[in-house]
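In: the sequence and its predicted three-dimensional model are supplied below.
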Amino acid sequence: MSQQLTLRRPDDAHLHLRDGVALAAVLGFTAERFARAVVMPNLAPPLTTTAMALSYRERIRAALPAGAHFEPLMTLYLTDRTSAAEIERASRSGAIVGCKLYPAGATTHSDSGVTDIARLEPALEAMNTFDLPLQVHGEVTDPRIDVFDREARFIERVLAPLCERWPRLRVVFEHVTTREAVSFVRSARDGVAATVTPQHLLHNRNALFMGGIRPHYYCLPLLKTEPDRLSLLEVLAEGHPRFFLGTDSAPHARDAKESACGCAGIFSAHAAIELYAEIFESEGMLSRLQGFASEYAAGFYRWPRNEDSITLVKQPWTVPASYPYGTAQLVPLRAGETVAWQLRAAE
């Protein structure tokens with residue numbers, strides 16, 4: 001008999017859904033597995049106002065497969081010009097769960113991001129007043145800093161001073177990748193947490209170069225060293241409630257990845273919870289998965305815990321080489337390879 005694992009239905013605390021035909025192509029994967037997801041605002045153009053975020057939420061809802069029970073939780077894209085009034089509107093909307101700090105030029109569609117943290121003072125003060133969390137892409141963009149060191153330098157230059165200056169502001173250090181980030185979050189003041197992706201648990205930076213350049217392992221922040229990967233696994237083995245699931249699933253068409261200047265992002269929504277189950281089982285910490293996937297983010301964001309459940313079956317399956325993506329193709333994480341667990345279809 002196949003081994004089964006039943007979990008409180010999980011939440012994805014960091015997700016990219018794109019828009020239009022791309023949204024329609026990927027949304028069903030997340031809606032099948034997760035009850036809620038914190039949806040990132042780096043569209044083109046970015047979601048810099050409450051009205052734009054609410055309009056996007058309606059497009060997501062309209063694209064849901066029939067019978068799906070899924071709630072998109074929206075975020076606001078911070079710029080040098082984000083006003084306190086806009087933060088107040090976002091807070092009072094009841095639909096926006098945080099504001100995303102992209103250092104300008106740090107990742108996909110971040111060109112409109114923040115050029116200097118000092119320019120965010122009015123917005124940060126309002127977020128502190130209205131208790132609206134800050135979600136941080138934690139990398140400096142100084143070209144003098146080695147690309148593999150950008151997360152650690154961000155902690156020193158930006159994040160640590162920010163958390164000290166605003167001691168009541170809730171902060172999510174998104175997609176942490178390094179020993180320095182794990183150490184910072186573990187020892188930080190109350191109200192600081194982090195999301196962890198499947199790719200940074202599964203792979204170190206060697207995966208980018210095995211047999212040649214591997215563009216479908218290129219994401220930002222980059223995969224890091226093996227000691228960095230092990231530090232992430234170690235803190236999850238503790239069942240530390242400050243670290244929770246955020247896939248950072250980020251779809252790009254095959255030709256946008258396999259190009260002279262390929263896009264950063266790994267698509268994992270097709271097998272997200274299954275990959276986490278595989279990781280947690282391989283490390284002998286499967287009992288920790290429900291807290292990480294279904295409870296810690298809800299505690300941080302003050303959401304009610306989901307009452308329904310999903311069931312995973314220990315039964316290997318082969319991931320397709322690609323999925324349709326509008327008129328293009330989307331290459332998923334583990335394409336053409338097997339995943340040890342699979343989601344049991346709803347009965």
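Out: Thanks, I have the structure now.
In: mind listing what's buried in stretch 189-207?
Out: Within stretch 189-207, the residues scored as buried using 16 or more other CB atoms under 10 Å are 191-203, 205. Every C-beta, even on glycine, is put in place using the N, C-alpha and C of the backbone.
In: to clarify, my last question referred to stretch 35-47.
Out: For stretch 35-47, burial by neighbour count (16+ other CB under 10 Å) applies to 35-43, 46-47.
In: just flag the most distant two among these.
Out: 35 and 46 (26.0 Å; CB to CB).
In: leaving aside the residues adjacent along the chain, what's closest to residue 318?
Out: Excluding the flanking residues, the one nearest residue 318 by CB to CB, 6 or more residues apart in numbering is residue 338, at 5.4 Å.
In: burial count for the one you found?
Out: When neighbours are defined as other CB atoms under 10 Å, residue 338 has 11 of them.
In: ok, it - contacts?
Out: Applying CB atoms under 8 Å, 6 or more residues apart in numbering to residue 338 gives the contacts 316-319.
In: then residue 183?
Out: Residue 183 sits next to residue 231 when contact means CB under 8 Å, 6+ apart.
In: residues of stretch 128-136 that come out buried?
Out: Within stretch 128-136, the residues scored as buried using 16+ other CB under 10 Å are 128, 132-136.
In: before we move on, back to that, measure the residue nearest to residue 318 to residue 32 for me?
Out: In this view, residue 338 and residue 32 are 19 Å apart by CB to CB, to the nearest Å.
In: what's the answer for residue 218, then?
Out: 26 Å.
In: one step back: in helices, which of the buried residues of stretch 128-136 appear?
Out: Among these, DSSP state H puts residue 128 in helices.
In: closest to residue 80 out of the buried residues of stretch 35-47?
Out: Residue 80 lies nearest to residue 46 out of these, by CB to CB, at 12.6 Å.
In: so that closest one is in which element?
Out: Residue 46 is located outside every helix and strand, with elements delineated by DSSP states H and E.
In: for the nearest residue to it once chain neighbours are set aside, grab phi and psi.
Out: Leaving out its chain neighbours, the residue that sits closest to residue 46 by CB to CB, 6+ apart is residue 77, at 4.0 Å. Main-chain dihedrals, residue 77, degrees, to the nearest 10: phi -90, psi 120.
In: show me the contacts for residue 77.
Out: Residues counted as contacts of residue 77 (CB under 8 Å, 6+ apart) are 41-42, 46-48, 99-100, 102, 112-113.
In: lowest-confidence entry in these?
Out: Looking at pLDDT alone, the contacts of residue 77 dip lowest at residue 112, where the score is 82.
In: for that one, give me phi and psi.
Out: Phi and psi for residue 112, reported as degrees, to the nearest 10, are phi -90, psi 10.
In: then residue 5?
Out: phi -140, psi 120.
In: repeat that for residue 289.
Out: phi -70, psi -40.
In: thinking it is in contact with residue 283, fair?
Out: No - contact criterion CB atoms under 8 Å: residue 289 and residue 283 do not qualify, at 10.3 Å.
In: higher neighbour count, those two?
Out: Neighbour count, other CB under 10 Å: between residue 289 and residue 283, residue 289 has more, with 22 against 15.
In: please name the residues that touch the more buried one.
Out: By CB under 8 Å, 6+ apart, residue 289 lies in contact with 5, 7, 276-277, 280.
In: quick one: residue 337 and residue 320 touch, right?
Out: No - counting by CB under 8 Å, residue 320 is not a contact partner of residue 337; they are 10.5 Å apart.
In: how near is residue 57 to residue 10?
Out: Remark: distance between residue 57 and residue 10 (CB to CB) = 20 Å.
In: these two: who's more crowded?
Out: Each of residue 57 and residue 10 has its neighbours counted (other CB under 10 Å); residue 10 has more, 27 against 19.
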